[in-house]
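**Student:** Dropping a prediction and its sequence here:
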Amino acid sequence: MDILRSKTPEMVRKEIYVHRLAYNLLRIVIWSAGTQLGVNPLRLSLQEARHHLDNFVNEFKNCGARKRKKLWTTMLELIAHKPMKKRPLRFEPLLRKRRPRILSFDELTSLGSPAESSLKTLFSSLFLAKKIENAS
């Protein structure tokens, strides 16, 4: 959903709702695969599940009820077949990354710990050296 194709606000809202609905339905499929086959659903890949579902859609349309049930279990087995490895540095939900804030000289001089006070003296001496250099 990186590009919204609608022009009016109402249609943009509808497009966002449809994307959210599709995402939640895909998550339900992943949850079903994980719980029915004894795999942790949080270890199943969203993109792999979407890929398998895309491949099975036409089969679901063109078959009877018995075959549909068999196709459903086959699709769930494929989705749960290869869970993702545990990623130790991955946080769920993903943390929002922010750029470090650059402090001004005044903010640096208001810091309080001994290490920070040595930073203050370093920055103040650099600041004074720069001021003297600009004056000459």
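**Tutor:** Received, thanks. Numbering: from 1, shown residues only.
**Student:** ok, residues contacting stretch 4-11?
**Tutor:** Residues from elsewhere that reach stretch 4-11 (C-beta atoms under 8 Å, 6 or more residues apart in numbering): Val12, Lys14, Glu15, Ile16. The way it works is simple: take the backbone N, C-alpha and C, and place the C-beta from them, glycine included.
**Student:** ditto for stretch 76-83
**Tutor:** So stretch 76-83 is in contact with 29-30, 32-34, 36-37, 39-40, 43-45, 48-49, 52, going by C-beta under 8 Å, 6+ apart.
**Student:** Give me the buried positions along the top helix by length along the chain.
**Tutor:** If you go by DSSP state H, the chain has its longest helix at helix 9-37. Using 16 or more other C-beta atoms under 10 Å as the test for burial, helix 9-37 gives Leu26, Val29, Ile30, Ser32, Ala33, Gly34, Leu37.
**Student:** follow-up on the earlier one: pick out the most distant pair among the contacts of stretch 76-83.
**Tutor:** Asn40 and His52 (17.8 Å; C-beta to C-beta).
**Student:** which helices and strands sit right next to the next helix or strand along the chain from the longest helix of the chain?
**Tutor:** Using DSSP states H and E, the helix or strand that follows helix 9-37 towards the C-terminus is helix 46-61. Applying 3 or more C-beta pairs under 8 Å, 6 or more residues apart in numbering; DSSP states H and E, one finds that helix 46-61 contacts helix 9-37, helix 65-81.
**Student:** buried set for helix 46-61?
**Tutor:** Residues of helix 46-61 classed as buried: Glu48, Ala49, Arg50, His52, Leu53, Phe56 (neighbour count, 16+ other C-beta under 10 Å).
**Student:** Show residues contacting that helix.
**Tutor:** Leu26, Arg27, Val29, Ile30, Ala33, Arg68, Leu71, Trp72, Met75, Leu78, Ile79, Lys82.
**Student:** Grab the nearest non-local neighbour of the third one.
**Tutor:** Once flanking residues are discounted, Val29 sits nearest to Ala49: 5.9 Å by C-beta to C-beta, 6 or more residues apart in numbering.
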